[in-house]
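> sharing a model that was predicted from the sequence below.
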There are 2 protein chains.
Amino acid sequence: MTKNTGDIPACTECGNKESIFCCLSYNEKEVLSTNKSGNYFKKGQVIFYENNYPHGFYCIHKGKVKISKIGNEGKEQVVRFATTGELLGYRSVFSGEAYQATATAMEDSYVCHISSDSFYKVLKMDNKLSLDVIKLLSSDLKSSEQKVINISQKSVKERIAETLLLMKNKFGCEDDGKTLAATLTRTEIGDIAGTTTETTIRTLSILKKEGVLNLEGKKIIINDLNQLIRVANIMD
Amino acid sequence: MTKNTGDIPACTECGNKESIFCCLSYNEKEVLSTNKSGNYFKKGQVIFYENNYPHGFYCIHKGKVKISKIGNEGKEQVVRFATTGELLGYRSVFSGEAYQATATAMEDSYVCHISSDSFYKVLKMDNKLSLDVIKLLSSDLKSSEQKVINISQKSVKERIAETLLLMKNKFGCEDDGKTLAATLTRTEIGDIAGTTTETTIRTLSILKKEGVLNLEGKKIIINDLNQLIRVANIMD
DNA sequence: CGCTTAATTGAACATACTCAAAATTTGTGG
DNA sequence: CCACAAATTTTGAGTATGTTCAATTAAGCG
């Protein structure tokens, strides 16, 4: 299913402006590109699985990816999203442990695989990159700790509202500026907010009744962004 | 209240074996020690507050510290614990943001404050330290993401059991090997497990009835560790 | 067009929370 | 060391929020 495409350029030629690697020197990018492989994942395909051991990490050349973990009873919890330019699985490279979560393509995506060796080599060449990785981890940790509070202290309605805002921030809107660009199933939205499919549906329908949202099949249209923010009760 | 004591040695003389800094060279430790101040915090005193801006980070010379965040309605959530040799607030140094949480001494503790400048200097001198910091962050991130799943998918009983195990792992037991060395209030245990004081009390009393625990005032004695582990339903 | 997957609705139920009040422990000053 | 105040723990009863399970409808896809 997954095919290696010649379509994806070497790191030296990569046009991604948002990547943590964009400020590297040509030489460093060359090292990074050693043994790199670019792959195409169709919507729904798994990029890597929880509990498997890494040979490197992934960089999203273009696409949308969901990172999730499976709880004891098999229930899924979405940990975070990642999109173009972002890294996946780099933490496991450092810890030497298995991947902590499963990464799944949310839409057809191009993802590069970079070997641990190359990564370490460049880290040793460039102290600034280490600091950038530290900042990245710090930021992820902040989000995660905030998520603990959200789930433990917010109502489902607040969490659903926040999830919609997260989707908007991460993946943006269609041209009308109101329709969420990412289409997730109700189950997936529930997995992010930490609730069941049924409760998700009921809550979305309440938000529609209140005039905050419009629902057209899977499309979610944010009618009243300010009200949605108020409902979400954002803390930071 | 807080007094600067001459009791605390310079980093070059520090005997902590578990610290991330223990493998630094003498010279590097000297740099780290520049502008260092050692302070004594009584039980309950706050080491730093959420939303205040850092001038550096803290290293626990000896003691037990609780790191917590305040939710919207003022409810506290304990994010993690730290003990002798561990760092506090270093993430904010990197992000340049305010502290994300409040650190409180759980018992009389000696805590050093190390300036951001010194830290950055040593990081530049020693690439290995950067990697160690990255590993530290990776590990914290892992715990935090696991906590999200725990709170969102486990019952209160499972979470309380896990909290007791966490306390045992982090702070150990008294000489009998069964009595938890850290004495927290029921409210604090609830703040870790993400539940209310009343529910915490009721759950502890159920575990006592089941023969898993003995309760003697604040002392919590783990009667049947295996059963406690089974109740906690540990995932990783 | 048929089949699979996803979305929706309803009703019963369970878990954990809230609020109030009493009992106990802990800390502090005299 | 005792007495009193403050904080913490405990218990009870009522309640709300969200879950579960079952059944129905709609949507997406080959």
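Received it, and whenever you're ready, just let me know what you need. Source: prediction; values computed, not measured.
> so how far is chain B from A:Thr185?
A:Thr185 sits at a distance of 18 Å from chain B (criterion: C-beta to the nearest C-beta, to the nearest Å). Quick note: C-beta positions are derived from backbone N, CA and C, even for glycine.
> next up, phi/psi of the closest residue to that residue other than its chain neighbours, please.
Sequence neighbours aside, A:Lys218 is the residue nearest to A:Thr185 in space, at 7.5 Å (criterion: C-beta to C-beta, 6 or more residues apart in numbering or on different chains). Dihedral angles phi and psi of A:Lys218 (degrees, to the nearest 10) take the values phi -80, psi -20.
> and A:Lys218, what pLDDT?
A:Lys218 is assigned a predicted lDDT (pLDDT) of 86.
> so which bits of stretch A:91-100 are buried?
By neighbour count with 16 or more other C-beta atoms under 10 Å in any protein chain shown, stretch A:91-100 contains the buried residues A:91-94, A:97, A:99-100.
> which one of those sits closest to DNA strand D?
A:Gln100 (23.1 Å; C-beta to the nearest atom of the strand).
> close to DNA strand D: what parts of chain A are there?
If contacts are counted using C-beta under 7 Å from any atom of the strand, the residues of chain A sitting beside DNA strand D are A:155-157, A:194-196, A:198-199, A:202, A:217-218.
> report the two of those residues separated the most.
In those, two members sit farther apart than any others by C-beta to C-beta. They are A:Ser155 and A:Gly217, at 26.3 Å.
> more crowded one of those two?
When neighbours are counted by other C-beta atoms under 10 Å in any protein chain shown, A:Ser155 and A:Gly217 differ, and A:Ser155 comes out ahead with 12 against 6.
> next SSE downstream of the longest helix seen in chain A?
Among all segments of chain A classified by DSSP state H, the helix with the greatest residue count is helix A:127-153. From helix A:127-153 onward toward the C-terminus, using DSSP states H and E, the following helix or strand is helix A:156-171.
> that next one - contacts with which helices or strands?
strand A:76-83, helix A:127-153, helix A:186-193, helix A:197-209, strand A:219-222, helix A:225-232 (3 or more C-beta pairs under 8 Å, 6 or more residues apart in numbering or on different chains; DSSP states H and E).
> about what we covered before: residues near the residue nearest to A:Thr185, how many?
Applying other C-beta under 10 Å, we find 11 other residues in the vicinity of A:Lys218.
> one more: A:Lys36?
Tallying neighbours of A:Lys36 according to other C-beta under 10 Å, which is how burial is gauged here, yields 17.
> who's in contact with it?
Residues counted as contacts of A:Lys36 (C-beta atoms under 8 Å, 6 or more residues apart in numbering or on different chains) are A:10-11, A:112-115, A:118.
> mind redoing it with 7 Å?
The neighbourhood of A:Lys36, defined by C-beta atoms under 7 Å, 6 or more residues apart in numbering or on different chains, consists of A:10-11, A:112-114.
> ok, how many other residues are close to the residue nearest to A:Glu73 when sequence neighbours are not counted?
The spatial neighbour of A:Glu73 that comes closest, neighbours along the chain excluded (C-beta to C-beta, 6+ apart), is B:Gln153 at 7.1 Å. Burial of B:Gln153 is recorded as 22 neighbouring residues (other C-beta under 10 Å).
> before we move on, what about the one 10 residues further on?
Summarising burial for B:Thr163: neighbours were counted as other C-beta under 10 Å, giving 24.
> wait, it touches B:Ile192, no?
Yes. In terms of C-beta atoms under 7 Å, B:Thr163 counts as a neighbour of B:Ile192; the distance is 4.8 Å.
> now the longest helix of chain A against helix A:156-171, angle please.
Per axes from the mean of the first three to the mean of the last three C-alpha atoms, to 10 degrees, the angle that helix A:127-153 makes with helix A:156-171 is 160 degrees.
> past the lowest-mean-pLDDT helix or strand in chain A, which element shows up next along the chain?
Ranked by mean pLDDT, DSSP states H and E, the weakest helix or strand in chain A is strand A:3-4, scoring a mean of 42. Per DSSP H and E, the first helix or strand lying C-terminal to strand A:3-4 is helix A:26-33.
> does that next one come close to chain B?
No. Applying C-beta under 7 Å from any C-beta of the partner chain, one finds that helix A:26-33 is not in contact with chain B, the shortest distance being 14.5 Å.
> how far out from the middle of the chain is that helix?
With C-alpha atoms, centre = their mean, to the nearest Å as the basis, the distance from the averaged C-alpha position of helix A:26-33 to the chain average is 25 Å.
> and it, what's buried?
Residues of helix A:26-33 classed as buried under the neighbour-count rule (16+ other C-beta under 10 Å) are A:28-29, A:31-33.
> and stretch A:79-95, by the same measure?
By neighbour count, and taking 16+ other C-beta under 10 Å as the criterion, the buried residues in stretch A:79-95 are A:79-94.
> still on that earlier bit, so who does the residue nearest to A:Glu73 touch?
With contacts taken as C-beta under 7 Å, 6+ apart, B:Gln153 has the following neighbours: A:71-72, A:75, A:77.
> same check, this time on A:Lys66
By C-beta under 7 Å, 6+ apart, A:Lys66 lies in contact with A:78, A:81, A:104, A:106.
> quick check: it vs A:Ile151, distance?
In this structure, A:Lys66 and A:Ile151 are separated by 17 Å, where distance is defined by C-beta to C-beta, to the nearest Å.
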